[in-house]
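*Asks:* Just a sequence and a predicted model for now, questions to come.
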Amino acid sequence: MNASFFPRRLPFHLTVPETSLWYNLEVSATRFPSRPALLFGNGVTNYRDCRAQSEALAGFLQKECGVRRGDRVALFMHNSPQFVIAYYGILRADAVVVPINCMNTTGELEHLLQDAGATTIITAQELQPRVEPLLGETVRRSIIACYADYAGDEAATVLPEALAAPRKEFREPQVIHWHEVLEHAHAPAPHTAGPDDLALICYTSGTTGKPKGCRHRHRGVMYSTVAIAHWHDVRHHARALVVLPLFHVTGMQNSMNVHIYAGSGLALMPRWNREAAFTTIARHKVTTLTTVPAMIVDLISNYEAARHDLSSMRLIGGGGAAMPEAVAARLQELCGLTYIEGYGMTETLAPTHINPGDRPKPHCLGIPIFDTDARIIDPQTLAELPQGAVGEIIVSGPQVLEEYWNNPEENAACFLERDGRKFLRTGDLARVDEDGYFHFVDRLKRMINAAGFKVWPAEVEALLYGHPGVQEACVIGKRDPRNGEAVKALVVPREAARATLAAEELIAWSLQRMAAYKVPREVEFVASLPKSATGKIDWRLLQEQEAARS
């Protein structure tokens, strides 16, 4: 680590509370009982009520569902006040949160529930049809929430149509409604979970096989939470726009747990919608936004100074995909904000790297945060590589999972030792510059082999974003009988360029700015690009579709 670039106001080593994560809500509710905690439409839940409802849910889980210390409870819903309350209620019951992607089908849900051993699920009424076939055997109890209950009188205008419905009635004996749980008002047993108890089992996306359950103890979740809060100087006067899904670690940590720890407010959005985001930022004087580049592209492509007020914003950051330098520059130009990029994984509870706020670098993952050791190795030989060489990132730190849940094969394959420390192999390729900053290259499995030349799609995409007519771009490999693979770009043109931008023009433009073997041989213009549940461009789906056509 190059100490000269580490934020000067921060220590190299971080000491965190020796408590469970639940204690963060208890402390914030004690310090700021009347402060708004959860803002949803024009509905407001203060910290006092957030704590009380979490405790009522914990009592119900213990007394009516038979949940005991260490039991797993599934949480299957979109961003909402109920998600936050349920998350902390599960922890208050000394149980383990199993957050599940809302895009999962019944079959995928069944696999995760059985793998985690979770028989109680907390969900929402639009997702209950996917749970219903599992009632009786896999699911013994389903608690069903209605988002509109917490949105005030604006549910129809602030929620997507599918999520804005008024409360429905479910009659299955295994089902109970959220409001009925709170009406029971069961007092929970004394909280006994500590820093070494299991807090979370977070499942990976499963894009390279079956999803893997990442085991995280309270100690590791607390470490990541406090680290983010210190790095970004998050305090109780902050207010976050919570739009990344909370079932994913980036949203969970940066948007929820950090702000509950600080006692600040969460303005919740169940799904990304740029106009709703503009409205929410202005209404609630949002100060921080953690997001992915695709959302920023959408935001700034439609930003109008006369209509949109971003003056309250103090921090925009995120990760999940590299931020194209051209997009970051446009954000700075239009809004006066620098995108602070970071890097992390489900296995690391979000960040292992973040750019220093006072010295960020564009299109860069940043530097290792407190107590985190990150290195670059050759993915074949596992030998450490020198500065500037491209190789696989390995990481070790307090936030890194100890092991996968019920998966000894992955534990053997994904960990290695260096200098007496246990490191996780990330599967991501990067290089380190002379200042110790890590620069993302691409996923190890995404490389395109064009006539023996290695092409990293993320690098080509970043260059394409520099064209004034390009709004979004995704680069994939296309089978080529002569060269094995060729580079193909799928491009969403800006509205002003849709009638005029031609593939030949973009290819010629690219030839002037990148090596010939990197230049797309084919450009396909599309109206939109598919997104994952976390808002990232789903390059895997596009690659699979291309392979099916070949």
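*Replies:* Received, thanks. Numbering: from 1, shown residues only.

*Asks:* How about the contacts made by N411?
*Replies:* Neighbouring residues of N411 by CB atoms under 8 Å, 6 or more residues apart in numbering: 403-404. Heads up, the C-betas are built off the backbone N, CA and C, glycines and all.

*Asks:* Which secondary structure element is home to it?
*Replies:* Applying DSSP states H and E as the criterion places N411 in helix 408-414.

*Asks:* Please compute how far whichever helix or strand comes after that helix lies from its chain's middle.
*Replies:* Going down the chain from helix 408-414, the next helix or strand is strand 415-418, by DSSP H and E. In terms of CA atoms, centre = their mean, to the nearest Å, the centre of strand 415-418 is found 26 Å from the chain centre.

*Asks:* From the contact counts, what lies against strand 415-418?
*Replies:* For strand 415-418, the elements it packs on are strand 391-396, strand 421-432, judged by 3 or more CB pairs under 8 Å, 6 or more residues apart in numbering; DSSP states H and E.

*Asks:* now those in a markdown table, with mean neighbour count, distance to V175 and mean pLDDT?
*Replies:* Shown next, in a markdown table, are the helices and strands packed on strand 415-418 (neighbours: other CB atoms under 10 Å; distance: least, CB to CB, whole Å; pLDDT from 0 to 100):
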| stretch | mean neighbour count | distance to V175 | mean pLDDT |
| --- | --- | --- | --- |
| strand 391-396 | 23 | 42 | 96 |
| strand 421-432 | 19 | 39 | 93 |
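
*Asks:* closest to S301 out of the ones you listed?
*Replies:* strand 421-432 (27.4 Å; CB to CB).

*Asks:* could you check the angle strand 391-396 makes with the closest one?
*Replies:* 140 degrees (axes from the mean of the first three to the mean of the last three CA atoms, to 10 degrees).

*Asks:* and strand 421-432, what does it pack onto?
*Replies:* If contacts are counted by 3+ CB pairs under 8 Å, 6+ apart, strand 421-432 sits against strand 373-377, strand 391-396, helix 408-414, strand 415-418, strand 438-443.

*Asks:* so which of the ones you listed comes closest to V492?
*Replies:* Nearest to V492, of all these, is strand 438-443, at 20.5 Å by CB to CB.

*Asks:* And the closest residue to V242 other than its chain neighbours, how far from P36?
*Replies:* In space, and not counting its chain neighbours, V242 is closest to S255: 4.3 Å by CB to CB, 6 or more residues apart in numbering. Here the criterion is CB to CB, to the nearest Å. By it, S255 lies 15 Å from P36.

*Asks:* residue contacts, R446?
*Replies:* Neighbours of R446 in contact, by CB under 8 Å, 6+ apart: 456-458, 539.

*Asks:* Please name the residues that touch V526.
*Replies:* Taking CB under 8 Å, 6+ apart, we find V526 in contact with 490-492.

*Asks:* okay if I get those as a markdown table plus distance to H259?
*Replies:* Shown next, in a markdown table, are those (distance: CB to CB, whole Å):
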| residue | distance to H259 |
| --- | --- |
| L490 | 36 |
| V491 | 37 |
| V492 | 33 |
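
*Asks:* so what pLDDT did G452 get?
*Replies:* The model reports G452 with a pLDDT of 64.

*Asks:* One more: the one 4 residues further on?
*Replies:* Turning to W456, the model gives it a pLDDT of 78.

*Asks:* what does T207 give?
*Replies:* For T207, the pLDDT comes out at 44.

*Asks:* do the one 4 residues further on as well
*Replies:* pLDDT, the model's per-residue confidence, is 83 for P211.

*Asks:* Next: A162.
*Replies:* pLDDT recorded at A162 is 80.

*Asks:* gap between the residue nearest to it when sequence neighbours are not counted and R235?
*Replies:* Closest residue to A162 apart from its sequence neighbours, by CB to CB, 6+ apart: E126 at 5.5 Å. As for E126, its distance to R235 is 35 Å (criterion: CB to CB).

*Asks:* more neighbours, the two?
*Replies:* Neighbours around E126 and R235, counted as other CB atoms under 10 Å, are more numerous at E126. The numbers are 19 against 12.

*Asks:* From A277, how far off is the residue nearest to P160 when sequence neighbours are not counted?
*Replies:* Once flanking residues are discounted, P160 sits nearest to R271: 5.6 Å by CB to CB, 6+ apart. Using CB to CB, we find R271 at a distance of 10 Å from A277.

*Asks:* surely V221 meets L198?
*Replies:* No. Because the distance of 10.0 Å does not satisfy CB atoms under 8 Å, V221 is recorded as not touching L198.

*Asks:* Between these two, which is the more surrounded one?
*Replies:* Using other CB under 10 Å as the criterion, V221 and L198 rank with V221 on top: 27 against 18.

*Asks:* Can you tell me how far that one is from G136?
*Replies:* For V221 relative to G136 (CB to CB), the value is 33 Å.

*Asks:* what's the answer for Y87, then?
*Replies:* 26 Å.

*Asks:* Which one's more surrounded, the two?
*Replies:* More crowded of Y87 and G136, by other CB under 10 Å: Y87, with 27 against 11.

*Asks:* Nearest residue to that one in space, ignoring adjacent ones along the chain?
*Replies:* Excluding the flanking residues, the one nearest Y87 by CB to CB, 6+ apart is V97, at 5.7 Å.

*Asks:* just to revisit the earlier point, nearest to V226, of the contacts of R446?
*Replies:* A458 (30.7 Å).
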